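K.L.:
pasting the sequence and the predicted coordinates here, then a few questions.
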Amino acid sequence: VYRGGRLVRDVRFPTSLEQHGSDAMHTDPDYSAAYVVLDTDSGLKGFGLTFTLGKGTEIVLCAVKALAGLVIGKSLQEIVSNFRGFYRLLTSDGQMRWLGPEKGVIHLATAAVLNAVWDLWARAEGKHDTSCVTKTLCHTPSVFILFLDILVKAQEGKKQREDQMLKEGYPAYTTSCAWLGYSDQQLKQLCSDALKSGWTRFKVKVGADLEDDIRRCRLIRKMIGPSSTLMIDANQRWDVAEAISWVSRLAEVKPLWIEEPTSPDDILGHAAISKALAPLGIGVATGEQCHNRVMFKQFLQASALQFVQIDSCRLGSVNENLAVLLMAYKFQVPVCPHAGGVGLCELVQHLILFDYICVSADLRNRMCEYVDHLHEHFTSPVVIQDAHYMPPKDPGYSCEMLEESVNRHEYPEGDIWKQEIKK
Ligand SMILES: C[C@H](O)[C@@H](O)[C@@H](O)[C@H](O)C(=O)O
Ligand SMILES: [Mg+2]
């Protein structure tokens with residue numbers, strides 16, 4: 001890896017204009033990315049990103065630049081032959097670890113850099129045979145020496161599961177119909193379109209106003225019928241007691257889970273909510289802002305969640321996500337990844353396919369989030385067929401963006417932002 005073109009760029013999409021992505025806490029998100037490109041002297045490039053909501057992306061850029069010295073000058077071989085050591089190098093620098101450790105902006109930057117390294121690795125492998133991150137993961141067992149027993153066990157039936165995924169894809173749910181800022185009319189229209197395209201699992205944003213939530217959830221439940229799956233997501237809006245009483249009022253629409261009912265750091269709070277809602281048949285899901293594997297370990301140990309929502313850009317890339325997948329397996333808690341944003345679907349599909357093929361070998365109570373925004377900006381966008389993620393075929397980690405999209409959306413000098421700022 002050498003210092004070639006621009007290492008990291010601030011790419012923002014003005015999604016808040018139409019309330020896409022809005023929830024009870026993030027009322028005006030502009031889906032954005034700190035977009036990393038690693039240049040190598042072989043001419044091969046690695047593309048990676050981390051997801052943000054607009055303001056502050058420039059801070060993530062600074063953090064990526066601060067980490068750059070640890071990557072530049074290294075060969076890919078040097079990195080992947082001791083990937084654990086490299087991960088530790090990025091997260092344990094004696095001065096920079098004070099900024100985290102392994103949380104917040106510095107950890108988002110770690111994710112962006114490592115996502116690009118994984119992309120580069122898979123592309124390098126693919127020089128001979130098409131190889132994406134899913135394939136690199138599924139066929140490089142030495143990476144997982146520590147969990148060899150789980151992975152050896154899951155060898156059984158692996159080929160069948162791989163074939164099954166190629167044929168049927170991995171089950172998905174949609175969040176695109178019911179962002180908090182959408183009108184009832186929009187909700188109805190989007191839901192009826194989604195039903196026509198074969199969706200059977202829907203997530204609804206809640207948490208700002210109870211009467212609105214009751215009305216909106218009833219409306220969706222009525223449209224999707226009793227056999228489809230409904231989930232609700234409060235994005236941390238409540239305290240513990242409020243979460244329990246609010247969700248109890250919504251129990252009549254039979255949600256499978258309540259997502260992020262309270263502060264993402266309140267492990268015992270989540271445990272109390274899980275316990276209180278279990279008799280109603282409602283689980284607790286969380287993870288999109290769970291900042292590292294240590295937190296996930298405690299959530300699992302405390303029975304504080306019933307659905308693990310890994311995030312490809314919040315945790316320290318594939319490396320840390322693997323640790324969480326394996327812990328979730330050990331605790332027999334299903335993994336249902338967080339996706340959406342910009343690029344998250346593209347990235348996380350690799351992780352969840354690996355989870356099914358090589359770890360959990362189980363689809364019960366499992367599905368991956370899908371959000372229908374911004375895929376057109378990627379060179380290898382996700383492919384959804386009949387509400388399933390079809391396995392990626394192109395080399396790499398699927399998060400290379402079209403050069404033109406990056407140029408147009410770069411903040412603040414891209415055309416899109418020049419126009420917005422003039423308004
Ligand atoms: C601000 C974002 O759109 C969030 O609302 C979104 O990630 C959400 O929590 C989700 O689960 O998809
Ligand atoms: Mg959420």
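P.N.:
Everything's here; your move. Ligands and ions are numbered 1, 2, ... in the order given.

K.L.:
what's the domain layout of this structure?
P.N.:
Using automatic domain parsing, the domain parsing of the chain gives 2-130, 141-390.

K.L.:
how far does the shortest one sit from the chain's center?
P.N.:
For domain 2-130, the separation from the chain centroid amounts to 14 Å (computed by CA atoms, centre = their mean, to the nearest Å).

K.L.:
is that domain up against ligand 2 anywhere?
P.N.:
No - contact of domain 2-130 with ligand 2 (CB under 5 Å from the ion) is absent, the minimum separation being 7.0 Å. Quick note: C-beta positions are derived from backbone N, CA and C, even for glycine.

K.L.:
averaged pLDDT, that domain. What do you get?
P.N.:
Domain 2-130 shows an average pLDDT of 95 in the prediction.

K.L.:
what's the neighbour count on Leu408?
P.N.:
For residue 408 the amino acid is Arg, not Leu. Applying other CB atoms under 10 Å, we find 16 residues neighbouring Arg408.

K.L.:
thought it was touching Asp415?
P.N.:
Yes - applying CB atoms under 8 Å, one finds Arg408 in contact with Asp415, separated by 5.0 Å.

K.L.:
now for the two: what residues contact both?
P.N.:
Taking CB atoms under 8 Å, 6 or more residues apart in numbering as the contact rule, Arg408 and Asp415 touch no residue in common.

K.L.:
tabulate the domains of the chain (CSV), appending mean neighbour count.
P.N.:
Putting the domains of the chain into CSV (neighbours: other CB atoms under 10 Å) gives the following:
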stretch, mean neighbour count
domain 2-130, 19
domain 141-390, 20
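
K.L.:
hey, C-alpha coordinates of stretch 305-315 in CSV?
P.N.:
Taking C-alpha atoms only, stretch 305-315 is exported to CSV below (Å, rounded to 0.1, in the frame of the first residue of the first chain):
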residue,chain,number,x,y,z
LEU,A,305,-30.8,-9.3,23.6
GLN,A,306,-32.6,-11.9,21.6
PHE,A,307,-31.4,-10.7,18.1
VAL,A,308,-27.8,-9.7,17.5
GLN,A,309,-27.5,-6.8,15.0
ILE,A,310,-24.0,-6.7,13.8
ASP,A,311,-22.9,-3.7,11.8
SER,A,312,-20.2,-3.8,9.1
CYS,A,313,-19.0,-0.3,9.8
ARG,A,314,-19.5,0.2,13.5
LEU,A,315,-17.4,-2.8,14.6
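
K.L.:
close to ligand 2, is that stretch?
P.N.:
No - figure legend: stretch 305-315 not in contact with ligand 2 (CB under 5 Å from the ion); closest approach 7.2 Å.

K.L.:
pull the longest helix from the chain.
P.N.:
When the chain is parsed with DSSP state H, its longest helix is helix 104-125.

K.L.:
return the set of buried residues in the next helix or strand after that helix.
P.N.:
Later in the chain than helix 104-125, the nearest helix or strand by DSSP states H and E is helix 133-138. Neighbour counts over helix 133-138 (16 or more other CB atoms under 10 Å) mark 133-138 as buried.

K.L.:
tell me the contacts of the residue of the chain found nearest ligand 2?
P.N.:
Residue nearest to ligand 2 within the chain: Asp233 (4.3 Å; CB to the ion). Residues near Asp233 by CB under 8 Å, 6+ apart: 23, 175, 203-207, 258-260.

K.L.:
of these, which is the nearest to ligand 1?
P.N.:
For those, the residue nearest ligand 1 by CB to the nearest ligand atom is Asp23; the value is 3.6 Å.

K.L.:
so who does the closest residue to the closest one other than its chain neighbours touch?
P.N.:
In this structure, Asp23 finds its nearest non-sequential neighbour in Asn235, 4.1 Å apart by CB to CB, 6 or more residues apart in numbering. Residues in contact with Asn235 (CB under 8 Å, 6+ apart) are 23-26, 205, 207, 259-260.

K.L.:
ok, Trp246 next?
P.N.:
Applying CB under 8 Å, 6+ apart to Trp246 gives the contacts 206-207, 210, 213, 234, 238.

K.L.:
closest to Pro334 among those?
P.N.:
Ala234 (20.1 Å; CB to CB).

K.L.:
quick check, that closest one in contact with Glu260.
P.N.:
Yes - with contact defined as CB under 8 Å, Ala234 and Glu260 form a contacting pair (5.9 Å).

K.L.:
can you sort out which of the contacts of Asn235 also neighbour ligand 1?
P.N.:
Here is what survives when the contacts of Asn235 are matched to ligand 1 using CB under 6 Å from any ligand atom: 23, 26.

K.L.:
let's see which of the contacts of Asn235 end up in strands.
P.N.:
205, 259 (DSSP state E).

K.L.:
biggest separation within the contacts of Asn235, which pair?
P.N.:
His26 and Glu259 (13.4 Å).

K.L.:
so where do the helices sit in the stretch 101-250 of the chain?
P.N.:
Taking DSSP state H, counting those that start in this stretch, the helices of the stretch 101-250 of the chain run over residues 104-125, 133-138, 148-153, 158-168, 184-196, 210-224, 240-249.

K.L.:
check which helix or strand the closest residue to ligand 1 within the stretch 251-400 of the chain maps to.
P.N.:
Proximity of the stretch 251-400 of the chain to ligand 1 (CB to the nearest ligand atom) peaks at Gly340, 4.3 Å away. In the assignment (DSSP H and E), Gly340 maps to no helix and no strand.

K.L.:
got the residues of the stretch 151-300 of the chain near ligand 1?
P.N.:
Going by CB under 6 Å from any ligand atom, the residues of the stretch 151-300 of the chain near ligand 1 are 175, 233, 235, 288.

K.L.:
name whatever forms a beta bridge with the closest residue to the second one other than its chain neighbours.
P.N.:
When you say that, I think you mean Asp233. Spatial nearest neighbour of Asp233, chain neighbours left out: Glu259 (3.9 Å); criterion: CB to CB, 6+ apart. Taking DSSP bridges as the rule, Glu259 bridges to Asp233, Ala285.

K.L.:
Glu259 touches Gln236, doesn't it?
P.N.:
No - Glu259 is not in contact with Gln236 according to CB under 8 Å; the separation is 9.5 Å.

K.L.:
using the three-state scheme, assign Leu351.
P.N.:
Assigned by DSSP: H, G, I helix; E, B strand; the rest coil, the conformation of Leu351 is helix.

K.L.:
show the pLDDT at it.
P.N.:
With respect to pLDDT, Leu351 has a value of 97.

K.L.:
close enough to count as contact, it and Ala323?
P.N.:
No - counting by CB under 8 Å, Leu351 does not reach Ala323; the two are 11.7 Å apart.
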